[in-house]
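Visitor: sequence plus predicted model, see below.
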2 protein chains.
Amino acid sequence: MATLEFFFDFTSPYSYLASTQVETAAARAGGAVRWRPFLLGGVFKATGNHAPIETVAKGRHMWIDLERWSRRLEVPFRRPQTFPVPSILALRAVLGAPPERLAEASRAVFRAVWAEDREIGNPAVLAAVLREVGLDGDALVAAAPAQKEALTSQTSEAVARGAFGAPALFVGDELFIGNDRLDFAEAALRRAAGR
Amino acid sequence: MATLEFFFDFTSPYSYLASTQVETAAARAGGAVRWRPFLLGGVFKATGNHAPIETVAKGRHMWIDLERWSRRLEVPFRRPQTFPVPSILALRAVLGAPPERLAEASRAVFRAVWAEDREIGNPAVLAAVLREVGLDGDALVAAAPAQKEALTSQTSEAVARGAFGAPALFVGDELFIGNDRLDFAEAALRRAAGR
């Protein structure tokens, strides 16, 4: 099946926006989504790219832009008190979820951060968030350290394939960076699906 | 009349894309465009922002992204041999054009760079480009130095109002950065026009 690879980090608000849209976009195109957590900080470090908030005017514009997008997409959005979000524990924890539950677990974490401003860097909060979608939150949090290598490896793979930011969307070798390129990615997926 | 202020630099390929769309977008919204040349290099310097090509992976992706956009918008696009484009002479020259010809002069320069790969940093080439749309190219090029202050002043104004990249689109105090935000700007213009 034609696949849209969706590389994301919970600290990335544009990844959150994309997380609310990728499944319907892929379904429209006749393809499927592969959810792939990665470390945006690692991507910035490896590529020399900068986070938007490193430039004051860009950071200011980003929060307004995110409000505009959330209104357009009709998804809840709340600026978290803590940003960047300490996301590494959550990224490792969801990587340990059964593969068929990874998408659901990831959406739950995204909502917790970007709609509810919950502190997912806190193990007890994270466990509760995962429990609310029927997963064994305590076990996933406890097993998170075992996913350290897997997370690093997904990050390196994305960088090797050209990623420099998040979300990073791939259809085969074609790379699309940003929630605002999801429509281009959907068109590529449609072609890959032979539609 | 409700106004879309369009700050642009000829070296910015996303400004070129926007230059092919702003007039129709504004007309749809019931407003008008005010064409405002500025110096993107000055904006980067003042804000600490970085050009996409400073990050290798980002630069590589940009050229592919531009091809995708030009196909979607059905506008010609050719990657120029020289990039960044030495645009300061042309920015000053068009600022000296009669106000009612500024848009046309600017579109002619954008086409010369981004569709025809002509060297607008060369005074003779620039004069020819302007002559082709019925302007006195030699006179505008000769008078360019007199626009130095005006160009600097437009750049400072844009920065003071929050711009950090190009194109920078304003509807009143609302700022939209990037060709990919033109649809948001059009919606704001429609509201400003009371539609």
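Guide: Noted; the coordinates are in hand. Residues are numbered from 1 along each chain as shown, chains lettered A, B, ... in the order given.

Visitor: report whether the longest helix along chain A contacts chain B.
Guide: If you go by DSSP state H, chain A has its longest helix at helix A:56-73. Yes - shown here: helix A:56-73 in contact with chain B (CB under 8 Å from any CB of the partner chain) through A:56-58, A:60-61, A:64-65, A:68, A:72. In short, each C-beta sits where N, CA and C put it, glycine included.

Visitor: contacts for that helix, please.
Guide: Contacts to helix A:56-73, defined as CB atoms under 8 Å, 6 or more residues apart in numbering or on different chains, come from residues A:13-14, A:17, A:20-21, A:52-53, A:76-77, A:79, A:179, B:47-49, B:159, B:162-165, B:175, B:177, B:181, B:184.

Visitor: near chain B, which residues of chain A?
Guide: Residues of chain A lying near chain B by CB under 8 Å from any CB: A:47-50, A:54-58, A:60-61, A:64-65, A:68, A:72, A:159, A:162-165, A:175, A:177, A:180-181, A:184.

Visitor: so in terms of bridging, what pairs with A:F170?
Guide: Assessed by DSSP bridges, A:F170 has beta-bridge partners A:E5, A:L175.

Visitor: among the residues of chain A next to chain B, which ones are buried?
Guide: With burial judged by 16 or more other CB atoms under 10 Å in any protein chain shown, the buried subset of the residues of chain A next to chain B is A:47, A:49-50, A:55, A:57-58, A:61, A:65, A:68, A:159, A:162-165, A:175, A:177, A:180-181, A:184.

Visitor: report the secondary structure state of A:P84.
Guide: Put simply, A:P84 is coil when judged by DSSP: H, G, I helix; E, B strand; the rest coil.

Visitor: correct me, but it touches A:F44?
Guide: No - if you go by CB atoms under 8 Å, A:P84 and A:F44 don't touch, sitting 10.4 Å apart.

Visitor: could you pull out the strands for chain A?
Guide: Using DSSP state E, the strands assigned to chain A run over residues A:3-8, A:32-37, A:168-171, A:174-177.

Visitor: out of these, the one nearest B:A150 is which?
Guide: Comparing those by their distance to B:A150 (CB to CB), the top pick is strand A:174-177, with 36.0 Å.

Visitor: please state the offset of that closest one from the chain centre?
Guide: Centroid displacement of strand A:174-177 relative to its chain, using CA atoms, centre = their mean, to the nearest Å, is 14 Å.

Visitor: just the CA atoms of that strand, as PDB, please.
Guide: Only the C-alpha atoms of strand A:174-177 are listed here, as PDB (Å, rounded to 0.1, in the frame of the first residue of the first chain):
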ATOM      1  CA  GLU A 174       9.900  12.700  -2.000                       C
ATOM      2  CA  LEU A 175      10.200  14.900   1.100                       C
ATOM      3  CA  PHE A 176       7.700  17.500   2.300                       C
ATOM      4  CA  ILE A 177       8.500  19.600   5.300                       C
END
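
Visitor: need the residues that contact that strand.
Guide: A:161-170, A:182, A:184-185, A:188, B:58, B:61, B:64.

Visitor: returning to that earlier point: what sits in contact with each of A:P84 and A:F44?
Guide: Here A:P84 and A:F44 share the contacting residues A:A51, scored by CB under 8 Å, 6+ apart.

Visitor: ok, these two, which is more surrounded?
Guide: A count of neighbours by other CB atoms under 10 Å in any protein chain shown puts A:F44 above the other of A:P84 and A:F44, at 18 against 14.

Visitor: count of neighbours near A:L135?
Guide: 21.

Visitor: return the most buried member of the strands of chain A.
Guide: Ranked by mean neighbour count, those are led by strand A:168-171 with a mean of 26 (mean count of other CB atoms under 10 Å in any protein chain shown).

Visitor: mean confidence for that strand?
Guide: Averaging pLDDT along strand A:168-171 yields 98.

Visitor: got the CA coordinates for that strand in CSV?
Guide: What follows is strand A:168-171, C-alpha atoms only, in CSV (Å, rounded to 0.1, in the frame of the first residue of the first chain):
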residue,chain,number,x,y,z
ALA,A,168,8.8,15.6,7.8
LEU,A,169,6.6,13.8,5.4
PHE,A,170,7.9,11.2,3.0
VAL,A,171,6.2,9.5,0.0
